[in-house]
Structure formats: C-alpha cells, structure tokens
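**Student:** I'd like to go over a predicted model; first the sequence, then the structure.
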Amino acid sequence: DAGITQSPRYKITETGRQVTLMCHQTWSHSYMFWYRQDLGHGLRLIYYSAAADITDKGEVPDGYVVSRSKTENFPLTLESATRSQTSVYFCASRGTGGQTEAFFGQGTRLTVV
Amino acid sequence: SQKIEQNSEALNIQEGKTATLTCNYTNYSPAYLQWYRQDPGRGPVFLLLIRENEKEKRKERLKVTFDTTLKQSLFHITASQPADSATYLCALLNNNAGNMLTFGGGTRLMVKP
C-alpha cells in the first residue's frame, strides 16, 4: 500500500530494554523525520534525515539512535528505554523543492514500565 | 531562543461561526508556514501552506494569513461545523536550519452544534 506506515502501533517495554520503532514510506521522499508527542510539549523533533545515510539531530535526540540505509526506511531505536521516553512517536516524510508538506504515519504509542 | 506559540487553551465556538486560531513565532526566518489538523489517535494531516511572500491563502472554508512583520499567522475556518473539531498545528520550515519542520503546540478547536 502506498503511504507511510509505522510499526508497531502499540508497544510496552521495560526500563533498560532496547526497542526499535519502524517507519516505511513508499513515495521515495528524501526527507524523513521522527517526532515525539507529549501533553504540554506538542510535537518535538528527535532526528531527521535528508537522504539515505544522512541523518541529523533534532531538538530532543538524547537516548535515541537512527539509521537510514535505504531511502524508504527510517528506524528509531531506543538503546536503553527509560520511563521518560513513554510517549507517542510519529514518523513523517516529505519531498524536496515545492513538495514541502509532511506526511505522517499513524503513530506508535510506547509505554516504558 | 526559537519559539512557535499557539494558544494552548481550547477554543469553543458555535456551529456556523468563524473560528480563528493564532500562531506566533520568534527568532525564525521561515520560508514557509504550514497548518495541519490532528484528530485524536491519528497523525497530523497537512491542510495549507503559505509562503513568506504571500499574505493570504484560501482553500474552501479555510483561510490563512501570514504577517512576517508581526511574525504571526492566523488560521480561519468559516461556517464551522462539528466535524471541524480537532487540534490544529502550525509548523515552520526553516531553510536556514537544515530544512527542519518545527511545530507549535497546537490549539484544540471544539465546534458545538
């Protein structure tokens, strides 16, 4: 199916465990983004990528790792999950030039216990 | 520091009236300003984009204004309907900051029948 998909939709993990959130887009968009959304903070950018093998930190990168070996995939890894990383995570993509609007996945609700 | 501010309090209006939402920003030189709609449990969905050299943009019942002197955008929904109830987010694309798309905290709109 065309679009941007995230998996899993829901995840519960324990403190200290590593967890990876997946994001896949079918448009071959150059830019991909990871945001977290918390009450009182809105959407905050964690990491973004301008192309395959090019990634950069956003506003709140600590505790997260990303990779982009293929244009269509942009996984987000929490190396050692903490309770403060309990949040809803959104992946987004957009094209270049005049295509500046972002397309979002449906989100992953992550709970760290 | 850079800030994008939206009224965090919910806006309650009567069906048929015009809803006006505000987005103010500081320490940005945005090339574009965008508005998104987010429904509960879903990712944001793009609505409108306005460029720095445009003062107003319309799409059906939606109108966006952009005042780079005041550093403010207004988002209007005319003839509002209960189905317009959602959270509305403004976002800035800053070409001087790695093409990051940064979001405000959003304003929740409730349209009562």
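**Tutor:** Right, received. Where do you want to start? In this text the structure is predicted, and so the values were computed from the model without any measurement.
**Student:** contacting residues around residue 39?
**Tutor:** Picked chain A for this. A:Leu39 is in contact with no residue at all, counting by C-beta atoms under 8 Å, 6 or more residues apart in numbering or on different chains. Any C-beta I mention is one placed from the backbone N, CA and C, and that applies to glycine too.
**Student:** my question was about chain B, not that one.
**Tutor:** Residues in contact with B:Asp39, defined by C-beta under 8 Å, 6+ apart, are B:Val45, B:Ala86, B:Thr87.
**Student:** list, out of the residues you listed, those positioned next to chain A.
**Tutor:** Residues shared between the contacts of B:Asp39 and the neighbourhood of chain A are B:Val45 [C-beta under 8 Å from any C-beta of the partner chain].
**Student:** just give me the closest of the contacts of B:Asp39 to chain A.
**Tutor:** Within those, the smallest distance to chain A is 7.2 Å, found for B:Val45 (C-beta to the nearest C-beta).
**Student:** quick one, phi psi at the residue of chain B found nearest chain A?
**Tutor:** When scored by C-beta to the nearest C-beta, chain B has B:Gly43 as its residue closest to chain A, at 3.1 Å. Note on B:Gly43: backbone dihedrals following degrees, to the nearest 10 are phi -80, psi 160.
**Student:** the nearest residue to it once chain neighbours are set aside bridge partners, please.
**Tutor:** Closest residue to B:Gly43 in three dimensions, ignoring its sequence neighbours and counting by C-beta to C-beta, 6 or more residues apart in numbering or on different chains: A:Phe104, at 3.1 Å. Taking DSSP bridges, one finds A:Ala92 as the beta-bridge partners of A:Phe104.
**Student:** quick one: contacts for the residue nearest the centre of chain A?
**Tutor:** The centroid of chain A falls nearest to A:Trp34 when counting by C-alpha atoms, centre = their mean (3.0 Å). For A:Trp34, the contact set (C-beta under 8 Å, 6+ apart) comprises A:21, A:23, A:45-48, A:58, A:64, A:66, A:74, A:76, A:89-92.
**Student:** that one: which element?
**Tutor:** With the criterion set as DSSP states H and E, the secondary-structure element containing A:Trp34 is strand A:31-38.
**Student:** check the offset of that strand from the chain's centre.
**Tutor:** 5 Å (C-alpha atoms, centre = their mean, to the nearest Å).
**Student:** got the buried residues for it?
**Tutor:** By neighbour count, with 16 or more other C-beta atoms under 10 Å in any protein chain shown as the criterion, the buried positions of strand A:31-38 are A:Tyr31, A:Met32, A:Phe33, A:Trp34, A:Tyr35, A:Arg36, A:Gln37.
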